[in-house]
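Chemist: how would this look folded up:
(one chain, ligands or ions: 1)
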Amino acid sequence: MQLVACSKRQAVENRQLEKQAVKHKQAKNIQVQVRVMSRIVYVNGEYLPQADAKISVFDRGYLFGDGVYEVIPIIRGKLVDEEYGVQRLRRSLAEIEIAWPCSEAEYLQMLRELISRNNVEEGMVYVQVTRGIAERDFSFPKDTKASLMAYPTHKSILQSPLAETGVTVVSTEDLRWKRRDIKSLNLLAQCMAKQQAAKLGAFEAWMTEDGFVTEGASSTAYIVKSGTVITRALSNSILPGIRRRVLVEMAEQGGFKLEQRAFSIEEAKSADEAFLSNASSLVLPIVSVDGHAIGNGQPGPVTRDLRARYIAALLAEAASK
Ligand SMILES: Cc1ncc(COP(=O)(O)O)c(C=O)c1O
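Modeler: Reported below is the predicted structural model:
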């Protein structure tokens, strides 16, 4: 009898808990929706609520992936590594012969306006420039105005739990084209690499070619051996990462030893440390490659130090603006 009463009470409690969980989930979804729905997106001269931000199906970005993009971190409400972001976008556009849709000053003003309208303290802004809207024809159309679209994302990037735990990577074949130095919208090979990593429960995929790591699907790849940081030299085989550029400059100013050369997965496995860098993760320790622990399987001191120094530089830059 008591058992029955107990299980009945338990069942009632369970139902209450389930109801609470559903309410909690609904409340959370509403919060997320409110945050996302209220996002303001910039599209070709207009600041629009996300739901109204639309682009033509004849846009060449949609039809051919004919365009380029940038991701710029936001710290304390300010764009950081801003000038390097403009320089790389300028170069990407020039390489595929797309004319800026506005002046560079107007472009930066638009990004600041977007940050302010969306009230972003920390996160990043995604920017995409395509060749614009034209009848579908492979060669570049004449007199087409480039499309410009941008939106910000709120994200805590300075304080990341992943910086404490480290992340894992798996190796995949690099299936990309031969102009990886252009930050092109064509990211299918990277999507496939990331999907393979996700299936294996890893954070990032390190793409390899001819026995060497090129880079991560969305990050620059580094290993550390006997205090020296090793990262692949710039060429058409990799994207010139902005974090990579900052770290190379730090090294050149005497901050630490750096070698710019290719390394294999085998070399990575015997490294003391490994890490990755990009706009949204800054510098993130890697604790295993293909299931093999790197060093003692914990974020290493060189990586921790570089992350701390890069964050200090970003905070100083944000404070100076
Ligand atoms: C293929 C690839 N390599 C490297 C990077 C890192 O570049 P950055 O430091 O400019 O974000 C990215 C960033 O998205 C990337 O997609």
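
Chemist: list the buried residues in stretch 290-308.
Modeler: In terms of neighbour count (16 or more other CB atoms under 10 Å), stretch 290-308 has its buried residues at 294-295, 299-300, 302-304, 306-307. The way it works is simple: take the backbone N, C-alpha and C, and place the C-beta from them, glycine included.

Chemist: among those residues, which one lies nearest to residue 55?
Modeler: Using CB to CB, residue 307 comes nearest to residue 55 of the buried residues of stretch 290-308, at 36.5 Å.

Chemist: now that closest one: closest residue in space, sequence neighbours ignored.
Modeler: Of all residues not flanking residue 307 in the chain, residue 283 sits nearest, at 4.0 Å (CB to CB, 6 or more residues apart in numbering).

Chemist: A strand includes that neighbour, no?
Modeler: Yes - assessed with DSSP: H, G, I helix; E, B strand; the rest coil, residue 283 lies in a strand.

Chemist: still on that earlier bit, among the buried residues of stretch 290-308, which ones are in helices?
Modeler: When DSSP state H defines the helices, the subset of the buried residues of stretch 290-308 inside them is 302-304, 306-307.

Chemist: which two from those end up farthest apart in space?
Modeler: Maximum distance among those (CB to CB): 9.8 Å, for 302 and 307.

Chemist: show me the contacts for the spatially most central residue of the chain.
Modeler: Geometric centre of the chain, nearest residue: residue 280, 4.6 Å, by CA atoms, centre = their mean. Applying CB atoms under 8 Å, 6 or more residues apart in numbering, we find residue 280 in contact with 71, 73, 124, 155, 157.

Chemist: swap in residue 48?
Modeler: So residue 48 contacts 40-42 (CB under 8 Å, 6+ apart).

Chemist: JSON lines please, covering those residues and showing pLDDT, neighbour count and distance to the ligand.
Modeler: Listed next are those as JSON lines, based on pLDDT from 0 to 100; neighbours: other CB atoms under 10 Å; distance: CB to the nearest ligand atom, whole Å:
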{"residue": "40", "pLDDT": "98", "neighbour count": "19", "distance to the ligand": "23"}
{"residue": "41", "pLDDT": "98", "neighbour count": "21", "distance to the ligand": "20"}
{"residue": "42", "pLDDT": "98", "neighbour count": "21", "distance to the ligand": "20"}
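
Chemist: what about those, which are in strands?
Modeler: Mapping the contacts of residue 48 onto strands (DSSP state E) picks out 40-42.

Chemist: buried ones in stretch 179-189?
Modeler: Under 16+ other CB under 10 Å, the buried positions of stretch 179-189 are 180-187, 189.

Chemist: actually stretch 87-107, sorry about that
Modeler: Result for stretch 87-107 [16+ other CB under 10 Å]: buried residues 88-89, 92-93, 98, 101-102, 107.

Chemist: what's around residue 158, how many residues?
Modeler: Neighbour count for residue 158, taken as other CB atoms under 10 Å: 15.

Chemist: please apply the same query to the one 3 residues further on.
Modeler: The burial metric for residue 161, expressed as a neighbour count using other CB under 10 Å, is 7.

Chemist: separation between it and residue 40?
Modeler: 29 Å (CB to CB, to the nearest Å).

Chemist: just the helices in the stretch 51-200 of the chain please.
Modeler: 60-64, 82-95, 104-118, 161-165, 188-199 (DSSP state H, counting those that start in this stretch).

Chemist: distance between the fourth one and the chain's centre?
Modeler: Its chain's C-alpha centre lies 16 Å from the corresponding centre of helix 161-165 when counted by CA atoms, centre = their mean, to the nearest Å.

Chemist: which helices and strands does that helix pack with?
Modeler: Here helix 161-165 touches strand 282-289, going by 3 or more CB pairs under 8 Å, 6 or more residues apart in numbering; DSSP states H and E.

Chemist: show me which residues of this protein are close to the ligand?
Modeler: 71, 215, 218-220, 239, 241-244, 277-279 (CB under 6 Å from any ligand atom).

Chemist: hmm, 8 Å instead?
Modeler: Residues of the chain that fall close to the ligand, judged by CB under 8 Å from any ligand atom: 71, 81, 84-85, 88, 180, 183, 187, 190, 215-220, 238-245, 277-280.
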